[in-house]
Structure formats: structure tokens, C-alpha cells
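Asker: Next one to model:
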Amino acid sequence: MKRIHRGKDVLVLPVLFAIYLYLLIKVILFKFGPIEVDYLMDRLQKNWHNPNDILQRFHAAGNITLFKEIARDLNHTPDLLQFPPGNLVGNIEAFIPLGILAPMVFSGLRRTWMGMFLVSFFLSFGFEVIQLLLSIGTFDVDDILLNVTGGMLGYAVLRLFAVRRRTGHQAEQKKEDFSRQLKSIKE
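Answerer: Next up, the predicted model:
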């Protein structure tokens, strides 16, 4: 099978990845609202000078107990039509594209589950810390767990398709080899 020259297509994946990260920031940090840099700088400055405000906010609304918010969401689903709650599914869905796109853009991530796990973990952890420091959300370890789950699911899908493509290519290669052998026998 011949390789096709990529040319301009080489830029498509990094641009797509950058758009995905922008949308992820917009959804997680800004809850679909406008990105106002002046507001963020003001929040950071206020919190920098009053670190006790961050601690009070963390103690009041933060979650460092694994499965606490997940259990609460599952136990307080008001309507069976809403099961599972959007928070659970949304946190997983938001990171599925990361597990697919990051290894396609950064080839070193293609071979290692641990690498993808670490990328998902640190990106999610970073979002949680930013929410805490800027007082634009709450720190929640369950969000990290769900985000990492989404990243790993996306990576599993990517790996599954890579294996299927590779085995399909190998089968095609075997057919070509077999055809060549038959031709050499006939000659």
C-alpha cells in the first residue's frame, strides 16, 4: 500500500487539538461564558493577597474525598430520565477527545497508557487548581477521576482503531505476499 503525501494535512490535527483545548477551557473554567482576562486577573490578585479566602472556599465547597460527589449525584438523581446525571457523563465526555487527539498530535503518547494517563491527570488537576485559585469553580477529586476516565476511554478507542487498522494492513500485506509467491511458482 502506498503512503500518501500529507502536505497541508499535517496542520489539521494540531489546529483541531488547539480548538479542542480552547473549547475545554471555555466549558470547564468559564462554563460557556465569555473569557474575560481582566476579571481573571482581578480574581487572582484578590486571592493572592487573601489566601485565607481560597482556604475558606476550599473547606466550604471543595471535595478531596474520592467518590463523594459521584455517590451524591447517583443518589440524588431526581428523574430516571436524567440517569446518569449530566455531571458524571459530561466530565467523562469532555476528556474523550483528549485521549484521541493528544496521541495523534504528540507521537510519544501513542505507545504508552501511562503517558496518556499522566496527561489526562495533570490537565484535569490543573483545571481544578485554577478553579480554586481564581474562585471560578470548586476543586473536586471526583472531577479529576471522571476526566481521567474520559481521557483513557478516548485513548482506548484510538488504540482499538490502530490495532484494527494494523491487522487489516497486515492481512493485506499477507495477501500481496501470497500473490507474489504464487506468481513466482507459476514462472
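Asker: ok, residue 66 touching residue 145?
Answerer: Yes. Between residue 66 and residue 145 there is a contact under CB atoms under 8 Å: 6.6 Å. All C-beta spots, glycine's among them, are computed from the backbone N, C-alpha and C.
Asker: Between the two, tell me which one has more neighbours.
Answerer: When neighbours are counted by other CB atoms under 10 Å, residue 66 and residue 145 differ, and residue 145 comes out ahead with 18 against 12.
Asker: What strand or helix carries that one?
Answerer: For residue 145, the element it lies in under DSSP states H and E is helix 141-186.
Asker: Give the rounded mean pLDDT of that helix.
Answerer: The average of the pLDDT scores along helix 141-186 is 81.
Asker: Likewise for stretch 126-134?
Answerer: Confidence over stretch 126-134 (mean pLDDT, whole number) is 95.
Asker: Could you do stretch 66-78 as well?
Answerer: In this model, stretch 66-78 has a mean pLDDT of 84.
Asker: Now do the buried residues in it.
Answerer: Within stretch 66-78, the residues scored as buried using 16 or more other CB atoms under 10 Å are 69-70, 73.
Asker: Which helix or which strand is home to the residue lying closest to residue 110 once chain neighbours are set aside?
Answerer: Of all residues not flanking residue 110 in the chain, residue 103 sits nearest, at 4.6 Å (CB to CB, 6 or more residues apart in numbering). Under the criterion DSSP H and E, the helix or strand holding residue 103 is helix 86-105.
Asker: Next SSE downstream of that helix?
Answerer: That would be, after helix 86-105 and using DSSP H and E, helix 113-134.
Asker: outside of that next one, which residues touch it?
Answerer: Helix 113-134 is contacted from outside by 28-29, 40, 43-44, 47, 54, 57-58, 62, 95, 98-99, 102-103, 108-109, 136-141, 143-144, 147-148, 150-152, 155, using CB atoms under 8 Å, 6 or more residues apart in numbering.
Asker: Thanks again, I'm all set now.
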